[in-house]
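[1] Turn this into a structure:
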Amino acid sequence: MDLSITVEKDRIVTTLYEKALNLYLYIPPFSSHPRGVFTGTISGQILRIRSLCTYKSDADSRIQEFLSRLLARGHLRENLEPLFSKAEENATAYLLRSPEEHRELRKRKRDDSHHQVYFHLQFHPDDPPSRKIQKLWRDHVSEPAGDSPLSEMKNKMGEDVDIRKLIVAYSRPLNLGNRFSVRNIHGRGKDVSKFLA
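    Presented below is the predicted three-dimensional model:
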């Protein structure tokens with residue numbers, strides 16, 4: 001549970017609960033994670049703080065603590081400030097939406113998912129960024145200049161292709177933990193119950 005709840009007079013007040021031994025080991029700047037992972041960490045944490053803290057002053061101080069922890073991990077303030085600004089804008093827009101708007105957005109995402117394809121590849125920091133891959137997709141496959149868009153074409157069976165979007169889905173390479181520690185406890189021989197029976 002990451003929420004602390006108190007009662008002040010006739011009001012329930014919430015704030016973040018953080019374990020005393022939390023080391024706050026956020027992704028360092030020299031990590032080989034895709035950039036979107038770090039951006040998502042900032043966006044998610046700011047939305048979490050703004051959603052869970054009753055008082056704005058409490059949320060503001062929690063966001064400053066978060067910024068300080070990222071600086072302590074080696075990130076530069078000039079790199080973080082634009083990410084924090086964008087995350088604040090997104091959190092504000094998200095929290096101002098009505099329940100009906102949230103339902104409509106979820107429905108639209110579900111509907112859009114039927115018109116997209118996934119390009120799976122293992123992440124490597126020297127690979128071209130996903131935006132470049134998506135631009136190549138648009139320019140040469142989805143919307144080639146002087147040709148019909150892919151979404152208006154038909155397949156060999158005469159059905160609409162109707163693919164409008166490419167999602168670049170990264171997987172991470174195996175790390176030392178994957179290579180040297182067994183995660184799958186099933187399929188490693190007989191079950192204990194077979195020896196005892």
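[2] The residue lying closest to R97 once chain neighbours are set aside and I46, how far apart?
    Spatial nearest neighbour of R97, excluding adjacent residues (CB to CB, 6 or more residues apart in numbering): L105 at 7.5 Å. C-beta: built from backbone N, CA, C; applies to glycine. Between L105 and I46 the computed distance is 19 Å (CB to CB, to the nearest Å).
[3] With neighbour numbers in mind, choose between those two.
    Looking at L105 and I46 with other CB atoms under 10 Å, you find the greater number of neighbours at I46, namely 24 against 12.
[4] Show me what the helix or strand where that one lies is packed against.
    I46 is part of helix 35-52, with elements assigned from DSSP states H and E. Taking 3 or more CB pairs under 8 Å, 6 or more residues apart in numbering; DSSP states H and E as the contact definition, the neighbouring helices and strands of helix 35-52 are strand 11-16, helix 56-72, helix 77-96.
[5] let's see 6 Å
    For helix 35-52, the contact count by 3 or more CB pairs under 6 Å, 6 or more residues apart in numbering; DSSP states H and E identifies helix 56-72, helix 77-96 as packing neighbours.
[6] For E100, see how far away R179 is.
    When distances are taken as CB to CB, R179 and E100 turn out to be 49 Å apart.
[7] ditto for H33
    Remark: distance between H33 and E100 (CB to CB) = 36 Å.
[8] Next, count neighbours for the closest residue to P173 other than its chain neighbours.
    Leaving aside its sequence neighbours, P173 sits nearest to Q122 (CB to CB, 6+ apart; 5.5 Å). By other CB under 10 Å, the residues close to Q122 number 10.
[9] Tell me the bridge partners for Q122.
    Taking DSSP bridges as the rule, Q122 bridges to S171.
[10] my guess is it meets S171, correct?
    Yes - here Q122 lies in contact with S171, judged by CB atoms under 6 Å, at a distance of 5.3 Å.
[11] Give me the pLDDT for the residue nearest the centre of the chain.
    When CA atoms, centre = their mean is applied to the chain, the residue found nearest the centroid is G40 (4.5 Å). Note for G40: predicted pLDDT of 95.
[12] how close does it get to L121?
    Here the distance between G40 and L121 works out to 18 Å (CB to CB).
[13] now Q134
    Here the distance between Q134 and L121 works out to 13 Å (CB to CB).
[14] Same question for T14.
    Separation of T14 from L121 (CB to CB): 41 Å.
[15] Next: V141.
    Summarising the geometry, the distance separating V141 from L121, computed by CB to CB, is 16 Å.
[16] what's the burial count for I63?
    The local packing count at I63 equals 20, with neighbours defined by other CB under 10 Å.
[17] what's it in contact with, if anything?
    Neighbouring residues of I63 by CB atoms under 6 Å, 6 or more residues apart in numbering: I49.
[18] Brilliant, that's me finished.
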